[in-house]
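**Q** sequence unknown, structure follows:
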């Protein structure tokens, strides 16, 4: 396995303000294997962003351990190794782009790591091609669309040559096309380059495209499994006031009335095909 | 009914006369009735934000007119500030605009600037807090001690407290989780029902728009692409996809079944509607109880 999270607890320090200490992450154990595409879903405040920041040593657990490729994230000598292996992409692309030209922005990471300029050139071109933004290399980032900016941010992380990318709601601020662009890019990186992807999202239609879905609630893992396993538990998810795709909800409710629905569908196409059978 | 907002051949050009000249809104004419809830959709850069910013005088049209209650809002440019009280605008991520010591003061800021004082101001603040689901005890807190969703609702309350005739919300649910989104949407619906005011809602979430809007305004490449009843607009799934938009998943499912020759209404907007339609169909055929 590539990332191993063992019984991690973490609280933001509220002691000064006299507020009760509440764990943002409260005893989470999970693993992420090399080459996996994992989606993490849950409410705001469920601990998923806090968990994400543990995966590249941005935060260190109060108790428990996180291992990345065998290295303990709390070992200070390993911090930079770990951050080269696991890159983080955040919600708002405008807060992540630093340079006034796309290719300079992408070069920022490897420059900071002291990579040879020749190799930086190669890496920047490669990273921009990988996200489909090579033609825009000399453009100004602020003139790009949201989806394009976010792909440049992903290229910036790719240029460090990580084995894993963790993304915290990368599509929250994007329009439908921008969301598709980013999702297509992530699947391509996962499929063609074998990059491990951990995607934190509120969009269930994005989560259904992952290999595995982890549902968090109250700082803990509520359930996990393949998208079908997870989204078939419509009642559990609804009870915790989480969304399910509309296709799953419709099929689940019709099934509840006795309709002959063999499995909970995840996409519109699947649902339509299934309902057609039922109606004929 | 009478038109509260009327747009006549409205255009806006950024950087006019420079090499970067760009027409963001191109010859848009339309009219919005008093009390309507209008959804506004369009891809990034389609001109929807520029369009709504012209409706309260934040941006001055390059050409054309905005009529509010029948009067050109730029008739007397010195009075444009009054228009901003009458057409209230909630920007994207408004929680970053909170600045006062207490939530109460923050909500009161706009209304006080409008000239409300004393009991009238107090009433407006408390009423706005109620509409957005903020408990009275939260009013004395610092806005920075609220959760993300609460902050956003406080920012919206600040605009509602001015009692605008038209309320414009630019992506009010962006970044909220499903529960927060649901709560905020039902508060907007409640506000709209109770006040009977005109509300314009800009959103990337077709599901949200399908649920709440009377009519939907679609912008594409600076032009008005469509303005029609919500059901009519979402019956045009193919055309919407071509311009980078979608229809709600459940609308797509029902559309696919209809294309297979199953007798269904031509535009279904919510899971509840789809469930009702399909379950009564199945019942008639004796396939479910």
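**A** Arrived safely, thanks for sending. Keep in mind that what you see is a predicted model, and the values were worked out from it rather than measured.
**Q** what's around residue B:17, how many residues?
**A** Applying other C-beta atoms under 10 Å in any protein chain shown, we find 7 other residues in the vicinity of residue B:17. C-betas here are computed from N, CA, C, even on glycine.
**Q** where do the strands sit along the chain?
**A** Unless you meant another one, I'm taking chain A. A:3-10, A:25-32, A:37-41, A:63-68, A:71-72, A:86-89, A:164-168, A:196-200, A:212-217, A:220-225 (DSSP state E).
**Q** oops, chain B please
**A** Counting by DSSP E, the strands of chain B are B:3-14, B:22-33, B:37-41, B:63-68, B:71-72, B:87-90, B:166-170, B:198-202, B:215-220, B:223-229.
**Q** who does the fifth one pair up with?
**A** Within its sheet, strand B:71-72 is paired with strand B:63-68 (antiparallel), according to DSSP bridges.
**Q** Can you tell me which residues in chain B are near chain A?
**A** Within chain B, the positions near chain A by C-beta under 8 Å from any C-beta of the partner chain are B:43-45, B:147-149, B:174-180, B:182, B:204, B:206-207, B:244-246, B:248-250, B:252-253, B:256-257, B:260, B:262, B:271, B:274-275, B:278-279, B:281-282, B:285, B:287-289.
**Q** Show me which of these are buried.
**A** Buried subset of the residues of chain B next to chain A (neighbour count, 16 or more other C-beta atoms under 10 Å in any protein chain shown): B:43-45, B:149, B:174-180, B:182, B:204, B:206-207, B:244-246, B:248-250, B:252-253, B:256-257, B:262, B:271, B:274-275, B:278-279, B:281-282, B:287-288.
**Q** just for chain B, where's the confidence low?
**A** Applying pLDDT under 70 to chain B flags residues B:1, B:289.
**Q** Count the neighbours of residue 166 for me.
**A** Went with chain A since none was named. So residue A:166, with other C-beta under 10 Å, has 28 neighbours.
**Q** try again with chain B
**A** Here the count is done by other C-beta under 10 Å, and residue B:166 has 24 residues near it.
**Q** same deal with the one 3 residues further on?
**A** The local packing of residue B:169 (other C-beta under 10 Å) involves 23 other residues.
**Q** and it, how far is that from residue B:49?
**A** 12 Å (C-beta to C-beta, to the nearest Å).
**Q** Now the common contact residues for the two.
**A** residue B:202 (C-beta atoms under 8 Å, 6 or more residues apart in numbering or on different chains).
**Q** Now do the contacts for residue A:278.
**A** For residue A:278, the contacting residues are A:254, A:259-261, B:282, B:287, by C-beta under 8 Å, 6+ apart.
**Q** And the helices in the stretch 51-200 of chain A, which stretches?
**A** A:79-85, A:102-112, A:117-130, A:146-158, A:176-193 (DSSP state H, counting those that start in this stretch).
**Q** Buried residues, the shortest one. List them.
**A** Using 16+ other C-beta under 10 Å as the burial criterion, the residues of helix A:79-85 that qualify are A:79, A:82-85.
**Q** which residues touch that helix?
**A** A:56-57, A:68-69, A:71, A:73, A:113, A:160-164.
**Q** Is residue B:240 in contact with residue B:218, as I believe?
**A** Yes: under the criterion of C-beta atoms under 8 Å, residue B:240 makes contact with residue B:218 at 7.2 Å.
**Q** Next, count neighbours for residue A:70.
**A** Neighbours of residue A:70 (other C-beta under 10 Å): 9.
**Q** so how far is chain B from it?
**A** 34 Å (C-beta to the nearest C-beta, to the nearest Å).
**Q** One more: residue A:186?
**A** Distance, residue A:186 to chain B, by C-beta to the nearest C-beta: 19 Å.
**Q** what about chain A, any weak spots by pLDDT?
**A** Residues of chain A that meet the cut-off, pLDDT under 70, sit at A:14-21.
**Q** Spell out which residues belonging to it are near chain B, please.
**A** A:42-45, A:91, A:145-147, A:169, A:172-178, A:202, A:205, A:241-243, A:245-247, A:249-250, A:253-254, A:257-260, A:268-269, A:271-272, A:275-276, A:278-279.
**Q** The residue of the stretch 51-200 of chain A at minimum distance from chain B - nearest residue in space that isn't next to it in sequence?
**A** Relative to chain B, the nearest point of the stretch 51-200 of chain A is residue A:177 (4.0 Å; C-beta to the nearest C-beta). Distance criterion C-beta to C-beta, 6 or more residues apart in numbering or on different chains; nearest residue to residue A:177, sequence neighbours excluded, is residue B:244 at 4.0 Å.
**Q** how about the one you found, what does it touch?
**A** By C-beta under 8 Å, 6+ apart, the neighbours of residue B:244 are A:175-177, B:43.
**Q** phi, psi of it?
**A** Residue B:244 has phi and psi values of phi 80, psi 20 when expressed as degrees, to the nearest 10.
**Q** how about the strands of chain B in a markdown table, adding distance to residue A:139?
**A** Output for those, formatted as a markdown table (distance: least, C-beta to C-beta, whole Å):
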| stretch | distance to residue A:139 |
| --- | --- |
| strand B:3-14 | 17 |
| strand B:22-33 | 15 |
| strand B:37-41 | 27 |
| strand B:63-68 | 30 |
| strand B:71-72 | 39 |
| strand B:87-90 | 31 |
| strand B:166-170 | 26 |
| strand B:198-202 | 26 |
| strand B:215-220 | 23 |
| strand B:223-229 | 25 |
